[in-house]
Each structure stands twice: as structure tokens, then as C-alpha cells.
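> Whatever this is, show me its structure:
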Amino acid sequence: MTSFDKPTEDTPQTPPDDDRDARAVTEAALFQAFGGIRGMVETVVPGLLFVAIFTFNKNLHVSAVAALAVSVVLVVVRLVRKDTVKHAFSGVFGVVFGVVFAMFTGNAKDFYLPGMLYTLGLAVAYIVTTLAGVPLIGLVLGPVFKENLSWRTRNPGRKKAYAKASWAWGLILLAKCAILFPLYWWADTTQLGWVLVALKIPPFLLAVWLTWVFLAKAPAPIDVFAEMEAQEKAEEEREAARAAQDGEPTGGRHRRGA
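Just a heads-up that it's a prediction; the model follows:
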């Protein structure tokens with residue numbers, strides 16, 4: 001059991017007085033974790049540009065270079081604006097793997113294969129971690145809500161909500177893979193590309209919405225950072241009290257030992 005999991009007698013378990021505040025906090029945290037509208041756009045644009053160009057000219061190299069170039073531009077824009085770049089960088093890595101794979105095989109459809117395999121692996125990870133009692137969505141969102149892993153042992157209602165959300169993510173992504181992988185074998189590049197672009201945002205929004213529903217009804221997160229700060233402050237006060245009893249001024253021990 002970690003220090004973040006260790007129960008305390010004065011653990012705050014009551015949710016905020018205003019339920020709307022709790023829902024707003026949950027919504028803001030989800031936006032932060034998953035990149036919001038801008039993050040969604042950045043994940044769609046490279047693939048959309050690739051399939052749009054390939055539909056008209058059937059040129060793998062031009063389509064791949066254009067997709068890679070727009071991904072780099074999106075990262076540069078974030079760097080210039082001093083925004084977080086983790087979502088843009090993940091998009092660049094995905095495009096790079098797709099471009100390299102497609103160039104290596106000479107098959108334009110392989111531009112989409114690394115992303116499809118990643119989606120399948122992520123779906124399996126959501127399901128396996130939930131079955132193991134450590135739902136992946138909780139590992140992702142725990143730091144965002146400042147609760148880290150406290151939900152595992154100290155907040156069972158929240159752990160249950162994370163499990164439901166992880167099941168939702170896993171099953172939605174598996175359903176997406178069940179559509180895309182047959183198309184990879186049977187459809188041509190443009191058909192696969194347009195279907196993939198069409199399935200980029202709706203399943204994601206559904207999973208995020210279900211996560212919000214489950215967490216909005218769950219107990220409030222335990223702010224382990226606030227707990228640690230309170231413990232440190234209490235320890236400082238105890239040291240000051242002991243120093244006063246010994247006839248020392250506050251901080252005297254630290255100066256004498258310096």
C-alpha cells in the first residue's frame with residue numbers, strides 16, 4: 001500500500017455541496033486529459049489530409065508528406081503559443097509510424113495500420129487492466145483529479161466508476177476495430193481512409209461522455225496532495241510546539257544544527 005493509498009481518520013469523503021460544481025470539475029478534468037476540441041481536431045486533420053489528397057492523385061508520397069507536414073505544423077504552433085504539446089506530439093508519432101510503414105511496404109493502406117493496431121492494443125489494455133482491478137482510465141485520470149491511486153483502496157465508489165468507464169472505452173474501441181480491420185482487407189485505400197476519418201471522433205466522444213456520466217455520479221476524489229500539505233503543516237506546528245516547550249525560539253533547532 002502506497003502513502004497515497006494509506007487511509008487516514010480524517011479523510012474527506014463528502015462530495016461538494018453543489019453537485020453542479022462537481023460535474024463542472026469532472027468536465028474540466030476530462031477536457032484537460034483528452035485534449036478538448038483542439039486535441040480532437042489535431043488527431044483528425046493529418047489522416048483527413050492524407051485520404052483527401054490520395055483520393056484525387058493516388059500518390060502515396062505526396063499524401064504521406066502532406067500529412068506529416070501538417071502534423072509538424074500543429075506541434076510548432078503549440079510550441080509558439082507555449083501550449084501543452086503532448087497531444088500534438090502523439091499525433092506526430094502516429095503519422096510518422098504510418099508514413100514509414102506505408103513507404104516500406106509500398107501499400108497506401110498501411111498508413112492506417114499502426115493506428116489501427118494501437119487502437120486494438122488500447123482496447124485490450126482497458127479491458128485487461130479492469131479485470132485486474134486497476135482500470136486504465138483511473139491510472140490516466142487519477143493524477144488529473146489530484147487523487148493519484150487513492151481510489152484503489154480508499155474510494156471504492158470511485159474505483160467502480162473508473163471500472164465502468166474503462167469497460168466503456170474498451171468495448172467502444174473493440175467495436176471500432178471490428179469495423180476497420182475487415183475494411184483493411186477488403187476495401188481500397190480511399191474507402192478505408194474515409195471510414196476511418198468518420199470513426200475518429202464519434203466513438204471518442206461517446207467514450208468521453210460515458211466517462212463523464214460515471215464520474216459525475218461517483219464520490220468526490222480524495223486530494224492526496226492537499227492531504228500531504230496538511231500533514232506537513234501539522235508536523236511543522238508540532239515541531240514548533242516542542243521547540244516552545246524546550247524554551248527554543250521557532251526554527252532554533254534548524255539554526256543550531258546548521
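
> quick one: the helices in the stretch 151-258 of the chain?
Assigned by DSSP state H, counting those that start in this stretch, the helices in the stretch 151-258 of the chain fall at 156-186, 189-198, 202-216, 224-245, 252-256.

> how about the ones you listed, which one is nearest Ala66?
Closest to Ala66 of the helices of the stretch 151-258 of the chain, according to Cβ to Cβ: helix 189-198, at 13.1 Å. (Each C-beta comes from the backbone N, C-alpha and C, glycine too.)

> Output that closest one in PDB, but only the C-alpha positions, please.
Extracted in PDB, the C-alpha atoms of helix 189-198 (Å, rounded to 0.1, in the frame of the first residue of the first chain):
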ATOM      1  CA  THR A 189      -7.300   2.800 -49.500                       C
ATOM      2  CA  THR A 190      -9.800   5.700 -50.000                       C
ATOM      3  CA  GLN A 191     -12.700   3.700 -48.700                       C
ATOM      4  CA  LEU A 192     -10.800   2.700 -45.600                       C
ATOM      5  CA  GLY A 193      -9.500   6.200 -45.100                       C
ATOM      6  CA  TRP A 194     -12.800   7.900 -45.300                       C
ATOM      7  CA  VAL A 195     -14.400   5.400 -42.900                       C
ATOM      8  CA  LEU A 196     -11.500   5.800 -40.500                       C
ATOM      9  CA  VAL A 197     -11.800   9.600 -40.600                       C
ATOM     10  CA  ALA A 198     -15.600   9.300 -40.000                       C
END
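
> contact partners of it?
44, 47-48, 50-51, 54-55, 108-109, 111-112, 115-116, 179-180, 183-184, 187 (Cβ atoms under 8 Å, 6 or more residues apart in numbering).

> Just the angle for it relative to helix 156-186, thanks.
With axes from the mean of the first three to the mean of the last three Cα atoms, to 10 degrees applied, the angle from helix 189-198 to helix 156-186 works out at 170 degrees.

> Backbone dihedrals for Lys217, both of them.
phi -90, psi -10 (degrees, to the nearest 10).

> Give me the neighbour count for it.
Residues lying near Lys217 (other Cβ atoms under 10 Å) number 15.

> OK, contacts around it?
Shown in contact with Lys217 (Cβ under 8 Å, 6+ apart): Ala161.

> Give me the pLDDT for it.
On pLDDT, Lys217 comes in at 88.

> what's the spacing between it and Pro143?
In this view, Lys217 and Pro143 are 21 Å apart by Cβ to Cβ, to the nearest Å.

> on that earlier part again, generate the PyMOL command that creates a selection of the buried members of the contacts of helix 189-198.
In PyMOL, a selection of the buried entries from these looks like this (16 or more other Cβ atoms under 10 Å):
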select buried, resi 44+47+48+50+51+54+108+109+111+112+115+116+180+183+184
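
> Can you list the low-confidence ranges for this protein?
By pLDDT under 70, the weakly predicted segments of the chain are 1-25, 32, 35, 85-90, 247-258.

> swap the cut-off to 50 and go again
Scanning the chain for pLDDT under 50 picks out the ranges 1-16, 252-258.

> Pull the contacting residues for the nearest residue to Pro135 once chain neighbours are set aside.
Closest residue in space to Pro135, ignoring its immediate chain neighbours: Ser166 at 3.7 Å, by Cβ to Cβ, 6 or more residues apart in numbering. Going by Cβ under 8 Å, 6+ apart, Ser166 touches Tyr126, Ile127, Thr129, Thr130, Pro135, Leu136, Ile137, Gly138.
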